[in-house]
Structures are given as C-alpha cells and as structure tokens.
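Asks: predicted model and sequence follow; I will ask about them next.
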Amino acid sequence: MTTTETRQPVLELRHVNLHYGSVEALHDVSFSAYAGEVIGLVGDNGAGKSSLIKTISGVNVPDSGEILVDGTRRHWRSPHDSMAAGIETLYQDSGLAPDLSIGSNVFLGREKRRRGLLGRLGFVDQTSMEHEALEHLARVGITIPETNRTVSELSGGQRQAVAIGRAIAWARHVIILDEPTNHLGARQSAEVLKVITSAREHGLCVLFISHTLPHVLEVTDRIIVLRLGRVVRDAPTKEFTVESLLGAITGLNE
Amino acid sequence: MSTSSERPESAVAGAPAPSRLRRVVTNQQFVLFLVLLALIVFFGIRNSLFFRTGEFSNLLTDFSGLVLIAIAETFVITAGGIDLAVGSTTAVTGVIVAGWIQPLVTHNVNQAVVLLVGTAAAIVIGGLAGGFSALLITVFDLVPFVATLVTYSVGAGLALVISHGAPVGYNPSAIYWSASGVGMVTWLVAIVLLVAIVLGVVLHLTVYGRYNFAIGSNEFAARAAGINVRRHLVSVYVLAGILAGLTGMFFYIRSGSGAATTGVTNSANLVAIAAVVIGGASLVGGVGRWAGTMLGAAVLTVVSDGLIFINVPPTWIQVVVGALIALAALLQSFRRRSRRMT
C-alpha cells in the first residue's frame, strides 16, 4: 500500500464534525480511501461508526468539514445525492424490501422502464429487470436460479448476499457495509467475505464495519479505529493483531 | 449442509419453490373466485330471480359504489398505512358538490356539463380531504390511523353541518342517466370499472406501484434506495381522497342528491378495508393484489345483496361480513405457515 499516496483518493474526508444537539458524534475526522482497497472501520458502541457512515452516505449532514469523491468536493443533502456520486451503502439488517422479488430489490429506486410511450408513462420492464439482476449477482459470484421469488423466501445469508450484490452492482466508487456478517453462521460469513474480496477486484473501495475482529483482520487492507467520535488509529491491517486492535478500540493499552 | 457441492450454501436459493398445485390451492384469489361462484350459485338456487339481468345490473352498480374506495384502501394499505376517512369524504363531497351544481341544474344547463363540472369539483374536494390526512401524517407525524380518524370526524361533521341532515339538491336527469347503458352495464358502471382497471395497471405495472409496495414492505430500505417516501405517501392519501370524492359523485348521480349519511351510516370505510383484507392484503403493508381487492369487493357485494334477496334481515349482513374476514385471515395464516414449511 505504499504507492497509494501518489494516487488520488476515491473518497476523502477532511476535518468532518457532526453534532446531535449538544452531543459530539464526530470530531475532526479525516481519512483517505483508495480504489481497490478494503478498509475496516472499527470502534466500540457509540464510537461514531454509524454516525460516520451515515455522513458518508448522505443520511447525516456534517456541521463542518469536507467530503471529496474522486477529487471533487461534494455536498449532499440526502442518500440520493450520495448514490448519484457512486457510493452505495448497505445498512445493517434493513437493506431489502422482503415482499418484493429479488429482481425488484436489485433495481429498487432504479427501475428499468419499458421502451417508448409505455416507459414514459412509468411502466416497468419486469422481465429485463429479473434477467439483468441475475447477471449483476452472478458477476460477484452469487447465483440464484429464479429472481422472481420474494426476498422473504430466502435465508438470512442469501438475503445478505443479494443485498451486497446489489450494492456492488451499482457502486461506482465506494461501497459501505455495516455489519454484513451479523447474525450469519460461519459458512455464510465466509461467503460474504468472499464477495467483499470480489468487490475489491472490481476496483471498488470497501468500507467494512464490523464487531467481529477476526473478520476485519482477515479481509481488510487497512483499519481505521474510532473512539469517542475521533480517529485514534489509521494503519495497515498487518500492523494489528486481535489483541492490539482490541487495545486500540478500548484505549486500555495507552 | 456439509455436502461437497461446488456451490456454497449462501450462493444458491435454498428451498425449492412450493409445488404448483399447492400454490394454486392456497392462492387467495383462486379461493375467493370459488367462493364468489359458490355464493352466486347458492343465491341463485335459493331464489331463481337472482339470475335475472336486472339483479346483475344492481349487483354491478352496488359493486361500483364500493370498488373505488376499496382500491383506494389497497394503495394505502399496501403502502403500510390505513385510511379511515374515505367514508365521510364520500359524504362531504356529495353534499358540497350537490349544493354547488344545483344552480346549474335549475338553470337547465346541459346535463353532461353539469356532471363534468360536478366530477371536477369532486376530485378537488376529495383531493383536499386526502391532502389534509397527508399533512397530518407527513408534517405533524401522526400515525395514519389517528390522522385519518381526524379527517373522518371532520368530514362527517362538515357533511351534517352543510346539509343540515337533509338531502342536498335534486337532479332527476342524473338519476335517469345513471340507469342508461348497454345491456346490464350502465355508462356509470362502465366508467367506474374503467377507472378501476387503470388503477390496477398503475399498482402492478408502473414505477409508482413498485414504490408503493417497497415503502409498505420496508420504508427504510425504500428511503435508502433513494425513493422520496414522503412525497409518495402524500400522493397516496390524496389519491385515496380523490377516489372517495369520485364515489361521492357516483352516489350523487345515482340518487340525484347528496346526503351526509352516504358512506357514513354503512361504515363504507370499514367495508372497503374488509374488501382489501378479504382480497389477501397484509395490514402491515407490502402485500396485496388489485385482483384480490376486486374479488373481495365482489364477494361483499354479492353477500350483502344476496342475503336481502333471500329475506335474511339486513342486520345479519355484518355478521356474515365478519365471518368472511375471519375466513380470509385464516387462509392467510395457513398460507404463511405452508410457505415456512417448504
């Protein structure tokens, strides 16, 4: 990762501050993230992980500081703006509409319309959405025989795979994964980690948030540790062990 | 699951789809269709007059008075809400429109012009009523149940105040036109059915309908996917208000006047919700079909009219409706369970 310093970061935060009323959620947070890099974002409960990803994904608007995507300063007011800039976020447990088909979920908010007049009247092209959803998912190693089944009929691991697959399919720069291995068995977690690796190969920058430190150490290139809304460590993953990472998170070793 | 298959477990869809036979048998629309046929045969056997075209024409007309607000509830309920206001919106629209267009009637203005002006007014009044509910829900953060209960009470009260409890206006030409048509389908019924079909297409084939289901299924996911949830919900309650307003116009045309009791004394809002539930929709949102609501409304219409036809006191109708709702709910829970078992 020594060459990254000369490249343009795909995502850069400069001195970001965020308050909820009188509570300081983020304090002077700065970091850079590069294409093809998996970054672990760790910290104790209340350390500011959720606040940080919500700020990057446009749910929160920072009080001060700058967010740059691909070198351009961005100012967004809603998740829509962040998505338009090429950032996809997978929120913990709640990324999919369970009563809709897999295809409809992959295309949620980006529905394909039929050609011509019908399309202008708002008619969706369900057949081609189901078809392309299969391709999108297959590209990141997720194969599902029928996409016209509803998400509620899938297991937890399958749902997570579809959710991540959707995020990767649409992300142009950054994909944020909030606890993607939560509630998953060992085997399903391994699959999710494999999909993360495949996102890196597609040249995306992955922000991986997790409490499961072995997963973080296994899959990331770099780890950013948050404590009380501040970045306290930002170092290559190879410099950490489970013990030293735990120490950085809790601050007990200092 | 420790087979050495090449495909990892999370990468393939797990359980095979339920067998086709089971899916058909537990399909709510299919069952409802059978129930509808059985009811028609039952009433026909009990009283052969039931099969006269005159009665079918009555059935279609009564169905038309219910179907628009039932579809309105389908949009609202699948989006995760509820609208208790449609009944009184029907009443208040009827009395206001009847009062407004009465001068045109007494000055012998062309009847088509009178009814078109009335319909336009009904759309505006109904839309405003729906907009009031939407305002309470999206700006003042009231839950839909409470917000639409407010609109319901205000509407029912206003209808009484405006009408002084008596029918408003008198338009015999409208009643005369309401009976004209081709065969057993009157023009009035044909127009209502056309609107109903357009709404079914919107619900199931367009982006608007897709957003509706997505919001009802998981509002957070819809918002995270960039859907403007607030704007959509406002439009849904306005649409429901407009459809209730059109239903008010429908009853004005049928009776030639507006009455504060229309849609209120018969709890039309609850009948409409019943049609949606019988049709297989989930009250928590995300699940529901236009065809189910159409069948639910048809079953309720046939039961209400048929029971009167075989001399069952009308007071019993509500008991039967209750039993139908219970049956539909049981069918749903059976379906959920059979899906989980697969």
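Replies: The structure has been received and is ready for your questions.

Asks: give me the element A:Arg159 is part of.
Replies: Assigned by DSSP states H and E, A:Arg159 falls within helix A:156-170.

Asks: confidence score at B:Gln111?
Replies: Note on B:Gln111: pLDDT of 91.

Asks: state the distance from the nearest residue to it once chain neighbours are set aside to chain A.
Replies: Counting by Cβ to Cβ, 6 or more residues apart in numbering or on different chains, B:Ser173 is the residue found nearest to B:Gln111 once chain neighbours are left out, at 4.7 Å. All C-beta atoms are positioned from the backbone trio N, CA, C, and that covers glycine. Distance of B:Ser173 to chain A, computed by Cβ to the nearest Cβ, to the nearest Å: 36 Å.

Asks: quick one: mean pLDDT for the helix or strand where B:Ser173 lies?
Replies: B:Ser173 is located in helix B:172-178, with elements delineated by DSSP H and E. Averaging pLDDT along helix B:172-178 gives 92.

Asks: pull it out as CSV, backbone CA atoms only.
Replies: Extracted in CSV, the C-alpha atoms of helix B:172-178 (Å, rounded to 0.1, in the frame of the first residue of the first chain):
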residue,chain,number,x,y,z
PRO,B,172,-83.7,13.8,-11.7
SER,B,173,-81.9,13.9,-15.1
ALA,B,174,-78.8,12.5,-13.3
ILE,B,175,-80.8,9.6,-11.9
TYR,B,176,-82.3,9.0,-15.4
TRP,B,177,-78.8,9.0,-16.9
SER,B,178,-77.4,6.6,-14.2
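
Asks: in it, what counts as buried?
Replies: Within helix B:172-178, the residues scored as buried using 16 or more other Cβ atoms under 10 Å in any protein chain shown are B:174, B:177-178.

Asks: same question, stretch A:226-241
Replies: Buried, per 16+ other Cβ under 10 Å, within stretch A:226-241: A:226-227, A:229, A:231, A:233, A:237, A:240.

Asks: ok, now stretch B:135-145?
Replies: Buried residues in stretch B:135-145, counted by 16+ other Cβ under 10 Å: B:136-138, B:142, B:144.

Asks: what's the helix holding B:Ser173 packed up against?
Replies: Packing partners of helix B:172-178 (3 or more Cβ pairs under 8 Å, 6 or more residues apart in numbering or on different chains; DSSP states H and E): helix B:111-138, helix B:187-205, helix B:229-255.

Asks: which is the next helix or strand following the longest one?
Replies: Using DSSP H and E, the helix or strand that follows helix B:111-138 towards the C-terminus is helix B:144-163.

Asks: what mean pLDDT does that following helix have?
Replies: Averaged over helix B:144-163, pLDDT sits at 96.

Asks: ok, B:Val236 - contacts?
Replies: Contacts for B:Val236 (Cβ atoms under 8 Å, 6 or more residues apart in numbering or on different chains) come out as B:75-76, B:79, B:81, B:134, B:212.

Asks: which element is the residue most central in space within chain A on?
Replies: What sits nearest the mean C-alpha location of chain A, by Cα atoms, centre = their mean, is A:Ile176, with 1.2 Å. Using DSSP H and E, A:Ile176 falls within strand A:174-178.

Asks: now do the same contact list for residue 169.
Replies: Since you didn't name a chain, this refers to chain A. By Cβ under 8 Å, 6+ apart, the residues touching A:Ala169 are A:106, A:136-137, A:139-140.

Asks: oops, chain B please
Replies: If you count contacts by Cβ under 8 Å, 6+ apart, B:Gly169 has them with B:98-99, B:101-102, B:105, B:252, B:256-258.

Asks: and it, how far from B:Ile96?
Replies: 10 Å (Cβ to Cβ, to the nearest Å).

Asks: A:Leu41 too?
Replies: Using Cβ to Cβ, we find A:Leu41 at a distance of 58 Å from B:Ile96.

Asks: likewise A:His202?
Replies: From A:His202 to B:Ile96 the distance is 60 Å (Cβ to Cβ).

Asks: try B:Val287
Replies: From B:Val287 to B:Ile96 the distance is 36 Å (Cβ to Cβ).

Asks: is it true that A:Ala171 touches A:Thr89?
Replies: No - assessed by Cβ atoms under 8 Å, A:Ala171 is found out of contact with A:Thr89, at 9.1 Å.

Asks: next, residue 228: phi, psi?
Replies: The chain I'm using is chain A. Torsion angles at A:Leu228 (phi, psi; degrees, to the nearest 10) stand at phi 50, psi 40.

Asks: you answered for a different chain; I wanted chain B.
Replies: phi -80, psi 90.

Asks: number of nearby residues for it?
Replies: Per other Cβ atoms under 10 Å in any protein chain shown, the neighbour tally for B:Asn228 reads 16.

Asks: what separation do you get for it and A:Ser78?
Replies: B:Asn228 is 9 Å from A:Ser78, where distance means Cβ to Cβ.

Asks: one more: A:Ser210?
Replies: A:Ser210 sits 26 Å away from A:Ser78 when distances are taken as Cβ to Cβ.

Asks: any stretches of the stretch 101-250 of chain A with poor pLDDT?
Replies: Along the stretch 101-250 of chain A, the model assigns pLDDT under 70 to residues A:145, A:147.

Asks: returning to that earlier point: and the furthest pair within the buried residues of stretch B:135-145?
Replies: Farthest-apart pair in these is B:Thr138 and B:Pro144; separation 10.2 Å (Cβ to Cβ).

Asks: just for chain B, where's the confidence low?
Replies: Checking chain B against pLDDT under 70 turns up B:1-26, B:336, B:338-342.

Asks: find the centremost residue of it, please.
Replies: Note: chain B centre (Cα atoms, centre = their mean) maps to B:Ala70, 0.6 Å.

Asks: list the buried residues in stretch B:95-115.
Replies: Those would be B:95-98, B:100-102, B:104-105, B:114-115, for stretch B:95-115 by 16+ other Cβ under 10 Å.

Asks: do stretch A:7-26 as well
Replies: A:9-13, A:16-18, A:24-26.

Asks: quick check: angle from the strand or helix carrying B:Val95 to helix B:144-163?
Replies: Element membership for B:Val95, per DSSP H and E: helix B:86-106. Counting by axes from the mean of the first three to the mean of the last three Cα atoms, to 10 degrees, helix B:86-106 lies at 30 degrees to helix B:144-163.
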